[in-house]
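Asks: With the sequence up front, the predicted model follows.
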Amino acid sequence: MRHGKKGNHLGRKTAHRRAMLANMACSLIEHKRINTTVAKAKALKVFVEPLVTKSKEDTTHNRRIVFSRLRSKEAVSELFREVAPKVGDRPGGYTRVIKLGSRLGDAAEMAMIELVDYNETYGVDKPKKKKSTRRAGKKKSDDTASTAQPKEASEKETKKEEPKAEEPKAEEKKDDKKEE
């Protein structure tokens, strides 16, 4: 019976599986997207997302933890330097798995796994969302109404000031004509 055994072993021994996932994670960090089978992509997602979460806080301890899983100095430095600042405001879900269809040779289901923030295709038209909180706060309907009125008033004042600035120029012209 396999009670409570949730991880996919991918038909490999533990050491082989860990080495394979570490290599795939290094490739994903370096190239920002890789093609693999669906099962490996799902296993890689579980492997790499906690590492990206660790990389958000750049401490020596976190770097050592990530290095113990990846075993590549270049991948660790790129993860902490380039990837972490780009995903810093995201609360999770750093990777996306897109199914591509079957492989011709053995009909294995193929997928592309990519880092979400590095794909410009999906995020071009969307404006950035304002950061929201999970807790409900007081509604600020009274504050927004009071702040809206002074903005309108200040716009009217600026419009009134502009013609005043032009009027002295007209008076100067009249003075110039009188002097001639």
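Replies: Perfect, thanks for sending it. No experiment lies behind these values; they were computed from the predicted model shown.

Asks: residue ranges with poor pLDDT in the protein?
Replies: Where the chain drops to pLDDT under 70, the residues are 123-129, 131, 137-180.

Asks: looking at this, residue 36 is in a strand?
Replies: Yes: judged by DSSP: H, G, I helix; E, B strand; the rest coil, residue 36 forms part of a strand.

Asks: any idea how far it is from residue 130?
Replies: Going from residue 36 to residue 130 by CB to CB, to the nearest Å gives 36 Å. C-beta: built from backbone N, CA, C; applies to glycine.

Asks: try residue 43
Replies: Residue 43 is 35 Å from residue 130, by CB to CB.

Asks: In terms of neighbours, single out the busier of those two.
Replies: Neighbour count, other CB atoms under 10 Å: between residue 43 and residue 130, residue 43 has more, with 20 against 5.

Asks: Figure out the helix or strand that the more buried one lives in.
Replies: Per DSSP states H and E: residue 43 is located in helix 38-55.

Asks: burial of residue 101, as a residue count?
Replies: 9.

Asks: Who does it form a beta bridge with?
Replies: Beta-bridge pairing for residue 101 (DSSP bridges): residue 110.

Asks: Can you measure across stretch 4-20, start residue to end residue?
Replies: 24 Å (CA to CA, to the nearest Å).

Asks: Give me the contact list for that stretch.
Replies: Contact partners of stretch 4-20, identified using CB atoms under 8 Å, 6 or more residues apart in numbering, comprise 39, 40, 42, 43, 46.

Asks: Just the buried ones among these, please.
Replies: Among these, those classed as buried by neighbour count (16 or more other CB atoms under 10 Å) are 40, 42, 43.

Asks: nearest spatial neighbour of the second one, skipping sequence neighbours?
Replies: Sequence neighbours aside, residue 97 is the residue nearest to residue 42 in space, at 6.5 Å (criterion: CB to CB, 6 or more residues apart in numbering).

Asks: Could you verify that that neighbour is part of a strand?
Replies: Yes: read with three-state DSSP, residue 97 is one of the residues of a strand.

Asks: my guess is it meets residue 112, correct?
Replies: Yes: using CB atoms under 8 Å, residue 97 is in contact with residue 112, at 7.4 Å.
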